[in-house]
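>>> A predicted structure for the sequence below; I have some questions about it.
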Amino acid sequence: MKKEARYLVPNDYMADPSVHVFNGRLYIYPSHDWESGVPENDNGDHFNMKDYHVFSTDDVMHGEITDHGVVLKVEDIPWAGRQLWDCDVAFKNGKYYMYFPMKDRNDIFRLGVAISDKPEGPFIPEANPMWGSYSIDPAVFCDEDGSHYIYFGGIWGGQLQRYRDNKALESAILPEGNEPALPGRVVKLRDDMMQFAEDPRPVLIIDQEGNPLKANDPHRFFEASWMHKYNGKYYLSYSTGDTHFLCYAIGDNPYGPFTYQGVILTPVVGWTTHHAIVEYKGKWYLFHHDCVPSGGKTWLRSLKVVELEYDAEGKIITIDGGGE
Ligand code: FUB
């Protein structure tokens, strides 16, 4: 179904939105794309982002979008190598915690934390990455009991294929064909929000028969995890990367397993697809990006929003992304 969509930041390139409602206002935490001149490759080196902005609004489809400016940049992070990819923010006990992936000086992705007193930042980074963290795309979910979980991971340039059982392999192994697909990860956060409270666990996505999705399934996990709750169920959504879908799976608890349900967004113009799903003022929204304004340049993406609807059984109605 084709629906009314809005480009949220028409004068700049923003991607990978994470979105939350804090103090009744909607806050958007995107990646900040720019023309860095780094050539495109399968490693994602062309996504050479160097800072984050925060945006907020109280009227998603038609209201003013406030740009709170640069809230964190590579040069302020003590362990910085390069590439600030998709971040997310959570609130606890009067503080806002930004979780962000970045390559360290050995070109290994780690997750970092930065702290602010306000949802719009600026965020002050910790001196070191989180212990035992790896890969990309942290998405923080606060359950109704106040526990926070980070979903993370991404294959190819996101480096998830370099790890098994939370340990680095000597060389990367990506499952193929009928082998089970490589799962994303979920981990509970400590009460102080600064470290993992446990070892990260695999996020299993199974089909209707209970079998893990296979590596050659076009709907298998690639990157861009997001978690939201609807009617008491846990909706895990994610990007399928090289097959260009946003898909979802439903579980009974934050750890899963999650049973595959279907496609949320068909391919957009551009290689990557990445999103957040949030309820605001009684409506549900899908925030995502595409490359229409840049004329299809993969590394120059634009932030979009469209209303998201469920059917009577709680299934998400597929949205047309406008790509091929
Ligand atoms: O923005 C860089 C990477 O592209 C993100 O981390 C992925 O999810 C993809 O959108």
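Right, received. Where do you want to start? This is a predicted model, so every value here is computed, not measured.
>>> So which residues on the stretch 51-200 of the chain come close to the ligand?
85-86, 136-137, 154 (CB under 6 Å from any ligand atom). Bear in mind the C-beta positions are built from the backbone N, C-alpha and C, glycine included.
>>> And those, which of them are buried?
When neighbours are counted using 16 or more other CB atoms under 10 Å, these contain these buried positions: 85-86, 136-137, 154.
>>> Help me confirm that Val140 comes into contact with Asp86.
No. Taking CB atoms under 8 Å as the definition, Val140 is not a contact partner of Asp86, at 11.6 Å.
>>> shared neighbours, the two?
Between them, Val140 and Asp86 have Ser18 as joint contacts when contacts are counted by CB atoms under 8 Å, 6 or more residues apart in numbering.
>>> returning to that earlier point: looking at the residues of the stretch 51-200 of the chain next to the ligand, which are in helices?
Members of these lying in helices (criterion: DSSP state H): none.
>>> Kindly reformat these as JSON lines containing distance to His288.
Putting those into JSON lines (distance: CB to CB, whole Å) gives the following:
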{"residue": "Trp85", "distance to His288": "15"}
{"residue": "Asp86", "distance to His288": "12"}
{"residue": "Ile136", "distance to His288": "17"}
{"residue": "Asp137", "distance to His288": "14"}
{"residue": "Gly154", "distance to His288": "16"}
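>>> In three-state terms, label the most centrally placed residue in the chain for me.
Centroid-nearest residue in the chain, with CA atoms, centre = their mean: Ala224, separated by 3.9 Å. Of the three states, Ala224 takes strand according to DSSP: H, G, I helix; E, B strand; the rest coil.
>>> Go ahead and confirm it touches Pro17.
No. Using CB under 8 Å as the test, Ala224 is too far from Pro17 to be in contact (10.2 Å).
>>> Please spell out which residues along stretch 195-202 are buried.
Within stretch 195-202, the residues that qualify as buried are 196, 200-202, counting by 16+ other CB under 10 Å.
>>> and that stretch, how far apart are its ends?
Stretch 195-202 stretches 18 Å from its first residue to its last (CA to CA, to the nearest Å).
>>> How far off centre is that stretch?
18 Å (CA atoms, centre = their mean, to the nearest Å).
>>> Tell me where the model's unsure across this structure.
For the chain, applying pLDDT under 70 flags the ranges 1-2.
>>> Which residue ranges of the stretch 201-324 of the chain form strands?
Shown for the stretch 201-324 of the chain, the strands assigned by DSSP state E, counting those that start in this stretch span residues 201-203, 205-206, 223-230, 233-239, 246-251, 258-265, 275-280, 283-290, 302-308.
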